[in-house]
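> here is the input, now give the coordinates:
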Amino acid sequence: MALRLYSALMHLLRGAAWLVLWWLGRRVPAYRERWPERRGRAPVPASARGGVLIHAASMGEVQAALPLLNALRAARPDLPVVFTCTSPTASARIVEACGATVHHAYLPFDTPGAVRRFLDAADPRLLVVMETELWPHLLTLAQARGTAVVLANGRLSDGSARRYRRFGPLTRPLLSALDLLLVQDEAARARFEALGAAPARVHVTGNLKVDTALTPTHTALVAQFGTWTGGRPLWVAASTHEGEEAVVVDAARRLQADAPDLLLVLVPRHPQRFDAVAALLDASGLCWQRRSAAQPMAPQTAVLLADTMGELTAWMALSRAVFMGGTLVPVGGHNPLEAMQFGVPLLAGPARFNFADAFDALARADAVKSVHDADSLADAVLTWHLDPDAARAVGERGRALHARSGGATGRTVAPLLALLDRRPRRQASADGCVWVDPGLLPTPAQAPFDPTTGTPAGHGSGRGTVWWQRTGDHVLLLRHYRRGGLVGRLIHDRFLREPRGRSRAMAEFALLQRLLGWDLPVPRPAAARWQPAGPLHYRADILVQRLDGAQDLSVTLQQRPLRAEEWQAVGAAIGALHAHGVDHADLNCHNLMHAPDEAAPAAGRVWIIDFDRGAVRAPGPWQAANLERLRRSLRKEAGRLARWHWAEDDWPALLAGYQSAAAAFTSPAGR
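Reported below is the predicted structural model:
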C-alpha cells in the first residue's frame, strides 16, 4: 500500500518536475536537454546490456563512484557498465572521466513505467546506488526482475534516519530490496539497522571519496591559478549556500584592515545561484572578480567568485584555510575529505549532521576549528594567516586522518564481485511463463516439467508429489504446488491469479537465487513455471537442484539421534538465515536437510528448503516465531511416531548454534 501511495504521489509530482527542469534551464540550458532519458525512453546499446548499472545523483556521488568503477573494470574488463546521474554537472564529469568506455544516461523519474522501461533496456545483473539514492521503484523493481541491488558508500545522518523512520511502511520494503548495504562508518550502520536493515547485510567499508584520484588537469590548474593570483595567500569558502555567502563576505570585509593581501575564493554550491551571489558582492563594496571572466587578477581584488565547475580541489590545494559550506545554515555540511588530502586546516559551523562522523573524527584530532558568525570566521582565518606553522600543524593532522581512512575501494569491490559470482542469472521465456537458470538449463523450453519423464521421489501433503528429473549432468527435483487444508480439498492445486513475478513458483525461484548470492545454505533453483488454470487461477511448478547425499531431518531422526554438534549446525543454518532477514514462515523438521560432510565430520552439513512462504523482512518477532514453529514440529513428530530420536534436552544445542551464527554476523569480525 505504501508503494502504491508513493507511486501516485510521484505521478502527481512528475508535472512539477518538468517545470523545475525548465526553470533551471534558464541559467543552465543542459537541464532542458535529453528529456527522453528522464522518461526511460532512451535506447541502451546491446554492448552495454547485462552488466552493472551505477547510479550517482550529483557531482559528489560521481566522484565517489569513479574509483569503484575503475576497480570493477580492472577486475572484470568485459563487464558492461551503464552509469547514470541526475544533473548536468555530474553528467559532464562522467563524460570527462569515462568517455565512451561506459554508456551514460540520466536516471529516469522514479515512476513505475519509466523505471521498468529503463531496466528493460539496460537489463543489469547488478545495480549499485551511491550514498543515499534510495528510490523506491528503482530498488524494488530491479530486485523483482532478478537484479542484485547494492547501496555503496552509504551514509545516513541522524536527521535523515528520523525522516525515514516516519515513513516506516515505505522504508522497510526499500531496505528489504537491498542485497548489501556498504556504508561509510559505524554510525551509518547503526542507523540503517535501527530502521530495519538485517545486520548481516550491512558492512562498514569506509568512504570511497578518500580513494578518489585527482583529475588529470589538477596539477596544471594549481599551477595556473598560482600564477594567475600572483602567489597571494588565499582562503576558500567551499560549497556555500544561501545565507552563508553574506556571512563569508562580511568576514572578508573585516579581514581587509589586518590582512589586505588575503584573497577569498568564494565557491557557491549550486551554479544557478552564481548571479545571486554576484549581486551580493556588488552590494558589499568589496572589489571582486568572476573566475569565468578570466581577467588578470587585480591587486585590490578581495573576492574571487569561482563561477566555473570542477575546479574546487585546485583552489583548496592553494589555500591557507577552507571553510566548509552548509555548516552555518541547517543544510548539514559537505564532505571535508577533499580539503583534508591537501593538509589544509578546516573551518566549519555547527550544522555538521550530514557528515557528523567525519567532522567528529576531525574534532577529536584537533583538525577543525568551529565558527558561528562573521567575527569568529574572520578571527580564525586571521589567526592562521599570521601563524602559518600553527595552521600547517592543524592541516597535517587532517591529512594524517585522511591517509588512515583509505582502502574503501577494495573493501567495497570485494563483496560486489562475490555477489556477482554467487548469484545465478535468470532467463525468461518469451511469454514470461517460465524462468530458468541458464547455468543449469540452456533454455526455458528444455525445463523438464513433465512428471511422467521423471522418477517419483516420495509423496507429501500440502504442496504435493515430487519427482526426480535428470537433464544433462544435473539431477533436479520437480515440485508441483498444491494447496493444503480445506481449501486444498476443493480446488486442489489452483491459486488465485496474481502478477507472474509474485506468483508462488516465481517468487520462490527469485528468493532462492537471492539467498545464494548471500551464500546461504539453500538449494539452487533450476526453473519455475506459471500456468493459467481458467480465467481466475493459475498452477505453479518449481525445479531445484538435488542436494547430493542429503535427507530431511525428520527421516534422520527416525533412524538415530543427532549429536550436539549436529544440532548446533542446524541452529547455525537458521541463525544465518535470520541474520540476513529471511523469514521462513513454514520452518519445520521436514524443511531441514542434513548430510555428512568431510570438512565437518562431527556437525555435517545443513540446508534449508521449501521457501514457498519465504520473504526478506526487517528483524522482528517472526524470528522467534520461526524457531517456535520448528520446535512444535519436533514435538508433534515425537507424539506421533513410535521411533523418534529427539528430546527437549536437544533444543539448547540448537539455540547455541543459532546464537553463535547471529553473533558472528553482527560482530565486526563477522562482517
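> can you pull the phi and psi angles for the nearest residue to Asp375 once chain neighbours are set aside?
The shortest distance from Asp375 to any non-neighbouring residue, by CB to CB, 6 or more residues apart in numbering, is to Arg254 (7.1 Å). For glycine as for every other residue, the C-beta is placed from the backbone atoms N, C-alpha and C. Backbone torsions for Arg254, taken as degrees, to the nearest 10, come to phi -70, psi -30.
> check contacts around Arg254.
Contacts for Arg254 were tallied using CB atoms under 8 Å, 6 or more residues apart in numbering; they are 374-375, 378.
> in helices, which of those residues appear?
374-375, 378 (DSSP state H).
> buried only: go through these for me.
Buried residues within these, counting neighbours by 16 or more other CB atoms under 10 Å: 374, 378.
> let me have the ones in helices among the contacts of Arg254 in a markdown table, extended by pLDDT and distance to Gly472.
Shown next, in a markdown table, are these (pLDDT from 0 to 100; distance: CB to CB, whole Å):
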| residue | pLDDT | distance to Gly472 |
| --- | --- | --- |
| Ala374 | 96 | 76 |
| Asp375 | 96 | 79 |
| Ala378 | 97 | 77 |
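> so the nearest residue to Ala599 once chain neighbours are set aside bridges to which residues?
Closest residue to Ala599 apart from its sequence neighbours, by CB to CB, 6+ apart: Arg605 at 8.0 Å. Going by DSSP bridges, Arg605 is paired in beta bridges with Ala595.
> nearest to Val44, of the contacts of Arg254?
The nearest member of the contacts of Arg254 to Val44, counting by CB to CB, is Ala374 at 50.8 Å.
> which helix or strand contains the nearest residue to that closest one once chain neighbours are set aside?
Of all residues not flanking Ala374 in the chain, Asp250 sits nearest, at 3.8 Å (CB to CB, 6+ apart). In the assignment (DSSP states H and E), Asp250 maps to helix 245-258.
> what's the helix or strand following that helix packed up against?
Reading on from helix 245-258 to the C-terminus, the next helix or strand found by DSSP H and E is strand 263-268. Other helices and strands packing on strand 263-268, by 3 or more CB pairs under 8 Å, 6 or more residues apart in numbering; DSSP states H and E, are strand 234-240, helix 245-258, helix 274-284, strand 303-305, helix 312-318.
> and the angle from the longest one to strand 234-240?
The one in question is helix 245-258. Put simply, helix 245-258 runs at 170 degrees to strand 234-240, going by axes from the mean of the first three to the mean of the last three CA atoms, to 10 degrees.
> return the distance of helix 245-258 from the chain's centre.
When distances are taken as CA atoms, centre = their mean, to the nearest Å, helix 245-258 is centred 42 Å away from the chain's centroid.
> how about stretch 657-666?
That offset, for stretch 657-666, works out to 24 Å (CA atoms, centre = their mean).
> could I get the ones in helices among the contacts of Arg254 as CSV with distance to Thr556?
Shown next, in CSV, are the ones in helices among the contacts of Arg254 (distance: CB to CB, whole Å):
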residue, distance to Thr556
Ala374, 77
Asp375, 78
Ala378, 78
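> out of the ones in helices among the contacts of Arg254, the closest to Ala223 would be?
The closest of those to Ala223 turns out to be Ala378 (CB to CB; 29.4 Å).
> sketch out the helices for the stretch 401-550 of the chain, chain order is fine.
Assigned by DSSP state H, counting those that start in this stretch, the stretch 401-550 of the chain shows helices spanning 408-422, 485-491, 504-517.
> which of those has the lowest mean pLDDT?
Mean pLDDT is lowest for helix 485-491 among the helices of the stretch 401-550 of the chain, at a mean of 66.
> now for Ser160: which residues touch it?
For Ser160, the contact set (CB under 8 Å, 6+ apart) comprises Thr132.
> now it: which helix or strand?
In the assignment (DSSP H and E), Ser160 maps to helix 158-166.
> what angle do the helix holding Asp250 and helix 274-284 make?
If you take the same axes, to 10 degrees, helix 245-258 sits at 40 degrees to helix 274-284.
> Ser554 touches Glu637, doesn't it?
Yes: assessed by CB atoms under 8 Å, Ser554 is found in contact with Glu637 at 6.1 Å.
> give the residues shared as contacts by these two.
Shared contacts of Ser554 and Glu637, counting by CB under 8 Å, 6+ apart, come down to Cys589.
> ok, Glu193 to Gly154 distance?
For Glu193, the distance to Gly154 equals 12 Å [CB to CB, to the nearest Å].
> neighbour count for those two, which is higher?
In this view Glu193 and Gly154 are compared by other CB atoms under 10 Å, and Gly154 has more residues nearby, 28 against 19.
> give me every residue that touches the more buried one.
Contacts of Gly154 (CB under 8 Å, 6+ apart): 131-132, 181-184, 188, 192.
> pick out the residue nearest the middle of this structure.
Geometric centre of the chain, nearest residue: Leu151, 0.9 Å, by CA atoms, centre = their mean.
> is it true that it lies in a helix?
No: in this structure, Leu151 is strand, not part of a helix, as judged by DSSP: H, G, I helix; E, B strand; the rest coil.
> verify the contact between it and Asp179 for me.
No: with contacts counted by CB under 8 Å, Leu151 stays clear of Asp179, the gap being 9.2 Å.
> what's around Gln469, how many residues?
23.
> Trp622 touches Gly581, doesn't it?
No: here Trp622 lies out of contact with Gly581, judged by CB under 8 Å, at a distance of 9.7 Å.
> of those two, who's got more company?
More crowded of Trp622 and Gly581, by other CB under 10 Å: Gly581, with 23 against 17.
> need the contact list for that one.
Taking CB under 8 Å, 6+ apart, we find Gly581 in contact with 176, 197-198, 200-201, 616-619.
> do His11 as well
Residues near His11 by CB under 8 Å, 6+ apart: Thr111.
> give the next helix or strand downstream of the helix or strand where it lies.
Take DSSP H and E as the rule and His11 turns out to sit in helix 2-24. The element immediately downstream of helix 2-24 (helix or strand, assigned by DSSP H and E) is helix 35-38.
> identify all contacting residues around the helix or strand that comes right after that next one.
Downstream of helix 35-38, the next assigned helix or strand under DSSP H and E is strand 52-55. Residues from elsewhere that reach strand 52-55 (CB under 8 Å, 6+ apart): 65, 68-69, 72, 79-85, 107, 122, 124-130, 133, 138, 142, 147.
> if we use 6 Å, what do you get?
By CB atoms under 6 Å, 6 or more residues apart in numbering, the residues outside strand 52-55 that reach it are 65, 79, 81-84, 107, 122, 124, 126-129, 133.
> rewinding a little: give me the buried positions along the helix holding Ser160.
Buried residues in helix 158-166, defined by neighbour count with 16+ other CB under 10 Å: 160-161, 164.
> which pLDDT value goes with Arg291?
95.
> make 32 the starting number, not 1.
Yep, numbering from 32; the last one is Arg322 now.
> correct me, but it touches Val334?
No: taking contacts as CB atoms under 6 Å, Arg322 lies outside contact range of Val334: 10.8 Å.
> so for the two, which sits in the more crowded spot?
Val334 (23 against 19).
> out of everything not next to it in sequence, what's closest to the more buried one?
Nearest residue to Val334, sequence neighbours excluded (CB to CB, 6+ apart): Trp319, at 4.0 Å.
> between the contacts of Gly185, which sits nearest Ala449?
For the contacts of Gly185, the closest approach to Ala449 (CB to CB) belongs to Leu213, at 11.9 Å.
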